[in-house]
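**Q** Coordinates for the following, if possible.
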Amino acid sequence: MKRIATYFVSGLLFLTPIAATLYILYIFVSSVDQIFSFSIPGVGFLLTLTVITVIGLLVSTFLARGTANVIDGLFRRLPIIKMVYMAISDVLSALVGAERRFDKPVLVNIATGSRIQILGFVTRTSIQNPSMVENMAVYIPQAYTFAGNLILVPKDQVTYLEVESSKAMAFIVSGGVSGLE
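**A** Model prediction:
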């Protein structure tokens, strides 16, 4: 029974940010179409892209940045909502934000002396916990999904790759079919 509950929570944590994001986009695009009574399909979608871009421009300005920080702080404090918001926010920031975290592709030796390696991305080069100071954090994406695993690995078992991170990610996510040519 405990295993089923664990699977349920894992599924919930995986699906909720995706469903919430898609639902919000759907509601937003539908609302734009209804408000302006567009008869041409896709105009609401284009208007939505434009509005998102304009909001991005406004949030990037000095005056609106304070408002954006207040809203961000509010969402980060609300119970339950903060879990979904922070997960979506952190993943988006890691993938496309100014502080990209998946920009250092590496090979990790699975076991000392073994020639079996796994591809991943360094997310932290040092961990402050005294029992883990010799380790680094490496995120291992899974093929054909947005899921992955975080592993803590000794620094001497990590080899940095001289390859674009986008190509390494494509190689991993495609199961080795594309990306690294």
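**Q** Below-threshold pLDDT in this structure: ranges please.
**A** 9-10, 12-14, 38, 41, 62-63, 91-101, 145-146, 181 (pLDDT under 70).
**Q** Swap in 50 and give it another go.
**A** By pLDDT under 50, the chain contains no weakly predicted segment.
**Q** So which residues of it form helices?
**A** 2-36, 43-60, 62-77, 81-96, 165-173 (DSSP state H).
**Q** Output these in CSV, with distance to G148 appended to each entry.
**A** In short, each C-beta sits where N, CA and C put it, glycine included. Shown next, in CSV, are these (distance: least, Cβ to Cβ, whole Å):
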stretch, distance to G148
helix 2-36, 11
helix 43-60, 26
helix 62-77, 23
helix 81-96, 10
helix 165-173, 9
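**Q** Need these in a markdown table (columns: distance to V106 and mean neighbour count).
**A** Output for these, formatted as a markdown table (distance: least, Cβ to Cβ, whole Å; neighbours: other Cβ atoms under 10 Å):
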| stretch | distance to V106 | mean neighbour count |
| --- | --- | --- |
| helix 2-36 | 25 | 12 |
| helix 43-60 | 31 | 13 |
| helix 62-77 | 30 | 11 |
| helix 81-96 | 15 | 14 |
| helix 165-173 | 9 | 17 |
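**Q** Ok, which of those comes nearest P154?
**A** helix 165-173 (21.0 Å; Cβ to Cβ).
**Q** could you say what helices and strands the closest one packs with?
**A** Contacts defined by 3 or more Cβ pairs under 8 Å, 6 or more residues apart in numbering; DSSP states H and E place helix 165-173 against strand 105-109, strand 117-124, strand 135-141.
**Q** Could you list every helix and strand in contact with the first one?
**A** It stands for strand 105-109. Counting by 3+ Cβ pairs under 8 Å, 6+ apart, strand 105-109 packs on strand 117-124, strand 135-141, strand 158-160, helix 165-173.
**Q** the inter-axis angle of it versus strand 135-141?
**A** 110 degrees (axes from the mean of the first three to the mean of the last three Cα atoms, to 10 degrees).
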